[in-house]
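In: structure here, sequence nowhere to be found:
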C-alpha cells in the first residue's frame, strides 16, 4: 500500500502545498488571493491546452488567456456584470481569430480551435474563481471546509476502492475508479464534513454539513473522471510534472472544478 501511494514523493509535496494554501487563504488580502487563483487557473489552462495539442488540436493561447481573465473578472470586481464580461471574452477571442486567420490551414482549423480554446477558458476560469467569493463572503473557514470534504472524500474513495473495488464506474475515462470506491468516498466525505463543521462551522447543523459534504464530493467525483477523460484521450497519465508525485496543476485542482462553485451556491442560498 505504501509503495502504491508513492508516499515518499507525495507526502513532502502535499505538506508544502497545504502550508501554502493555508497561508494564502487565511492571511492574503483579497487582491493577492485573486492573483494567486488567477495564476493557478492560467497554469491549469496551459496544461489543458497541452493535452489538446497532443490530439493535434490547435488552441489559441492568447485568446484563451484573455477569455479566462474576462470570465473571472465579475468575481474579482463584483461591480462588473457577468453578461458584460462574457461578451468581452467572446469579442476578444473573435478579434484574435480574425487576425489569426491568415492561411487556409488556420481557417480550416478555426472551428475546433475556437471550441477547445473557449471551452478550456470557461471550464477552468468560470468554475475555480468561485473560491474567491467563497472566502470573501463566508471567510477562510468556508474554504477549509471545502478542502476538508474533498480531501476526506478522495482519501475514502482511494482506500475503499483499493481494498474492495470490483465494479468500474467509468472504464474508459478512469479505469481505476469503482462504484465501491465512490460509495466509500461519500461516506468519508460526510464524516469529513462532520469534523469540519465542528472545527470551522459550529453554527452549521451537523445534518446540513453532512448533506453539503455529500453534494460537494458528488460533484468532485464528477470533476475528476472528466479530467481523466481529457488525459486518456491525450494518452498521458498526468497533465504535467509540476508537483513530484502529484502531477500537474490540472491534476491538483480537478476535484474543485465543479465542487467549488457548487459549495459557494449552497452557502449563498442556504435557508
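Out: Right, received. Where do you want to start? Please read these numbers as outputs of a predicted model, since none were measured by experiment. Numbers count the residues shown, from 1 in each chain.

In: which stretches in the chain count as strands?
Out: Secondary structure of the chain (DSSP state E): strands at 168-170, 174-178.

In: contacting residues for residue 214?
Out: Contact partners of residue 214, counting by C-beta atoms under 8 Å, 6 or more residues apart in numbering, are 186, 189-190, 193. (Each C-beta comes from the backbone N, C-alpha and C, glycine too.)

In: make a markdown table out of those and add distance to residue 154 and pLDDT.
Out: Formatted as a markdown table, these follow (distance: C-beta to C-beta, whole Å; pLDDT from 0 to 100):
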| residue | distance to residue 154 | pLDDT |
| --- | --- | --- |
| 186 | 11 | 93 |
| 189 | 9 | 94 |
| 190 | 14 | 94 |
| 193 | 14 | 94 |
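
In: now that we have those residues, which one has the most neighbours?
Out: Counting neighbours by other C-beta atoms under 10 Å, residue 189 comes out on top of the contacts of residue 214 with 32 neighbours.

In: who are the contact partners of it?
Out: Residues in contact with residue 189 (C-beta under 8 Å, 6+ apart) are 149-150, 152-153, 156, 213-214, 216-217.

In: of these, which belong to helices?
Out: Counting by DSSP state H, the part of the contacts of residue 189 found in helices is 149-150, 152-153, 156, 213-214, 216-217.

In: hang on, the earlier thing: quick check, nearest of the contacts of residue 189 to residue 66?
Out: Taking C-beta to C-beta as the measure, residue 66 lies nearest residue 150 of these, at 29.7 Å.

In: so the closest one is in contact with residue 218, correct?
Out: No: judged on C-beta atoms under 8 Å, residue 150 makes no contact with residue 218 at a distance of 11.1 Å.

In: what segments of the stretch 101-250 of the chain are helices?
Out: 104-108, 110-121, 127-128, 131-138, 140-164, 179-200, 206-234, 249-253 (DSSP state H, counting those that start in this stretch).

In: helices or strands up against the first one?
Out: In this structure, helix 104-108 packs against no helix or strand, with contacts taken as 3 or more C-beta pairs under 8 Å, 6 or more residues apart in numbering; DSSP states H and E.

In: chain center to it: distance?
Out: 33 Å (C-alpha atoms, centre = their mean, to the nearest Å).

In: what sits up against it?
Out: Helix 104-108 is contacted by residues 58, 100-101, 113 when judged by C-beta under 8 Å, 6+ apart.

In: what's the most distant pair in those?
Out: 58 and 101 (12.0 Å).

In: quick check: buried residues in stretch 89-108?
Out: Within stretch 89-108, the residues that qualify as buried are 89, 92-93, 96-97, 100, counting by 16 or more other C-beta atoms under 10 Å.

In: average pLDDT for it, rounded please.
Out: The predicted model assigns stretch 89-108 a mean pLDDT of 86.

In: how far out from the middle of the chain is it?
Out: 28 Å.

In: gap between the two ends of it?
Out: With C-alpha to C-alpha, to the nearest Å as the measure, stretch 89-108 spans 22 Å from end to end.

In: then stretch 236-248?
Out: 12 Å.

In: contacts for stretch 154-170, please.
Out: 1, 4, 175-189, 191, 220-221, 224-225, 228-229, 255.

In: same check on stretch 82-98?
Out: Stretch 82-98 is contacted by residues 60, 62-64, 66-68, 70-71, 73-74, 110, 113-114, 117-118, 121 when judged by C-beta under 8 Å, 6+ apart.

In: now which of the residues you listed would you call buried?
Out: The buried subset of the contacts of stretch 82-98 - by 16+ other C-beta under 10 Å - is 60, 63-64, 66-68, 70-71, 73-74, 113-114, 117-118, 121.
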